[in-house]
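Enquirer: Below are the sequence and a predicted model; questions follow.
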Amino acid sequence: MISIIGSGRVGSSIAFLCASNALDDVLLINRNKDKAIGESLDITNAIPQTSEFSIHGTDDFSKLTDSDIVVIAASTGIYSKDRSENMVSQINMIKDIAEKIKRYCPSTVVLVVSNPLDVLTYFFQKESGFSRFKVIGIASSLDSSRFRYLISEKLSIPNSSILDALVLGEHGDSMVPIFSKVRVNGTSLSSMLDDDEKSVISNKVKNYWLELRKFKSRSQFGIAKNTFDVIEAIVNKKELSFPASVVLDGEYGQSNVAMGVPVRINGHGLFEIEQIELDESETEQLANSSKKIQNQINSVLS
Ligand SMILES: NC(=O)c1ccc[n+]([C@@H]2O[C@H](COP(=O)([O-])OP(=O)(O)OC[C@H]3O[C@@H](n4cnc5c(N)ncnc54)[C@H](O)[C@@H]3O)[C@@H](O)[C@H]2O)c1
């Protein structure tokens, strides 16, 4: 069973993809019971006639018992300037959710989607005591999709011509688009763009969410599809490589922090953090990004 805690815009979009693709049974949990029931009553009509699975909504966390995967997409408020705006209330929320997941489904794989993403991934793992490989923060793959889209727009080429467009580090202003690894039709992107052009793309990736908010209240479908891809890989026991936030223990020279790094998953969850070679500037930017997340974590701990 796939359980989704928080059935707002993002949680319900993830549930819609899981149910309409007949992936597994889905449980929607919301602190507002009516919202969970309402979304599940709507989404249930999207389940294919051939599917044996169902969807239910509740505010009762004890129903988590049979969860193989739990997605956390709950939110206590909407930020407008920075993803860390509601950090303290979000940390309190994730600690409470961690305690419940630990009680009702201690063997589950947890996908954290709520913001501030890296800080919450860190606090969930510490609070639950789960293996760091069972707690995966989903955001860098969304940032990477945005990076890929902006490169394709700049070069007027299809998305499909671009490989290895990765964004690592914080899901926030200090995120690091990795230009040195991107390949366009087999050729390195680095030789196709000058430093100014790279800087424009970097800023657009970082500010994509702000640009989007000029046109709609906030993002929903991009993160839903990126999260669904991870759920699908786990349920169907497929291997998948993508960037995600995970608590680090020496990888990329960082410890006691969660941030976006390239990972590999299979049916059991994450099984490898890939160590890829970065250029000098990217290495420095990644260390700075880690420092920023650590400062946020320490500001709450002290
Ligand atoms: N990782 C990413 O790349 C990414 C992208 C988009 C949004 N987000 C984040 O996802 C989260 C959800 O966004 P949204 O737009 O769906 O928000 P939303 O306000 O539409 O929905 C959040 C829901 O969570 C519920 N909720 C709050 N506390 C809860 C609790 N303790 N238990 C159960 N339910 C609870 C609320 O009642 C609300 O219905 C936010 O933190 C947002 O910043 C992350």
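Expert: Perfect, thanks for sending it. Numbering: from 1, shown residues only.

Enquirer: Around the ligand, pick out the residues from the stretch 201-302 of the chain.
Expert: Arg218, Ser219, Ile223 (Cβ under 6 Å from any ligand atom). In short, each C-beta sits where N, CA and C put it, glycine included.

Enquirer: which one of those has the most neighbours?
Expert: Of all these, Ile223 has the most neighbours under the rule other Cβ atoms under 10 Å, reaching 23 neighbours.

Enquirer: Skipping adjacent residues, who's closest to that one in space?
Expert: Closest residue in space to Ile223, ignoring its immediate chain neighbours: Leu142 at 5.1 Å, by Cβ to Cβ, 6 or more residues apart in numbering.

Enquirer: what distance separates the helix or strand containing that neighbour from the centre of its chain?
Expert: Assessed by DSSP states H and E, Leu142 sits inside helix 140-155. Relative to the chain's own centre, helix 140-155 is displaced by 16 Å; criterion: Cα atoms, centre = their mean, to the nearest Å.

Enquirer: For it, give me every contacting residue.
Expert: Applying Cβ atoms under 8 Å, 6 or more residues apart in numbering, the external contacts of helix 140-155 come out as 158-159, 161-162, 165-169, 171, 175, 177, 182, 184, 189, 192-193, 197, 201, 204-205, 208, 219, 222-223, 226, 229-230, 242-245, 260-261.

Enquirer: mind listing what's buried in stretch 246-259?
Expert: Neighbour-count burial for stretch 246-259, counted by 16 or more other Cβ atoms under 10 Å, picks out Val246, Val247, Leu248, Glu251, Tyr252, Gln254, Val257, Ala258, Met259.

Enquirer: Assumed the second one was part of a strand.
Expert: Meaning Val247. Yes: counting by DSSP: H, G, I helix; E, B strand; the rest coil, Val247 is part of a strand.

Enquirer: Now the helix holding Leu142: buried residues?
Expert: Applying 16+ other Cβ under 10 Å to helix 140-155 flags 140-152, 154-155 as buried.

Enquirer: which of those are close to the ligand?
Expert: Within those, those near the ligand by Cβ under 6 Å from any ligand atom are Leu142.

Enquirer: between the buried residues of helix 140-155, which is closest to the ligand?
Expert: Proximity of the buried residues of helix 140-155 to the ligand (Cβ to the nearest ligand atom) peaks at Leu142, which lies at 4.4 Å.

Enquirer: Show me which residues of the stretch 1-150 of the chain are close to the ligand?
Expert: Residues of the stretch 1-150 of the chain lying near the ligand by Cβ under 6 Å from any ligand atom: 5-11, 29-32, 35, 73-76, 93, 97, 113-115, 117, 138-139, 142.

Enquirer: Filter those residues down to the buried ones, ChimeraX style.
Expert: In ChimeraX syntax, the buried subset of these is picked out as below (16+ other Cβ under 10 Å):
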select :5,6,7,8,9,10,11,29,30,35,73,74,75,93,97,113,114,115,117,138,139,142
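
Enquirer: Compute the inter-axis angle for the helix or strand hosting Pro262 and helix 140-155.
Expert: Following DSSP H and E, one finds Pro262 within strand 255-266. Inter-element angle recorded for strand 255-266 and helix 140-155: 80 degrees (by axes from the mean of the first three to the mean of the last three Cα atoms, to 10 degrees).

Enquirer: Check which strands are paired with the host helix or strand of Val110 and give the direction for each one.
Expert: Val110 belongs to strand 109-112 when assigned by DSSP H and E. According to DSSP bridges, strand 109-112 has the following sheet partners: strand 69-72 (parallel), strand 135-137 (parallel).

Enquirer: and these as a markdown table, adding mean pLDDT and mean neighbour count?
Expert: As requested, the strands paired with strand 109-112 are exported to a markdown table (pLDDT from 0 to 100; neighbours: other Cβ atoms under 10 Å):
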| stretch | mean pLDDT | mean neighbour count |
| --- | --- | --- |
| strand 69-72 | 98 | 26 |
| strand 135-137 | 98 | 28 |
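
Enquirer: which residues does the residue of the stretch 151-300 of the chain found nearest the ligand contact?
Expert: The stretch 151-300 of the chain approaches the ligand most closely through Ile223 (3.6 Å), counting by Cβ to the nearest ligand atom. Taking Cβ under 8 Å, 6+ apart, we find Ile223 in contact with Val10, Ser13, Val113, Ile138, Ala139, Leu142.

Enquirer: If we use 7 Å, what do you get?
Expert: When the contact criterion is Cβ atoms under 7 Å, 6 or more residues apart in numbering, the partners of Ile223 are Val10, Val113, Leu142.

Enquirer: rewinding a little: narrow the residues of the stretch 201-302 of the chain next to the ligand to those in helices?
Expert: Judged by DSSP state H, the subset of these located in helices is Ile223.

Enquirer: Export the residues of the stretch 201-302 of the chain next to the ligand to a markdown table and append columns for distance to Ile276 and pLDDT.
Expert: Shown next, in a markdown table, are these (distance: Cβ to Cβ, whole Å; pLDDT from 0 to 100):
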| residue | distance to Ile276 | pLDDT |
| --- | --- | --- |
| Arg218 | 31 | 90 |
| Ser219 | 27 | 93 |
| Ile223 | 24 | 98 |
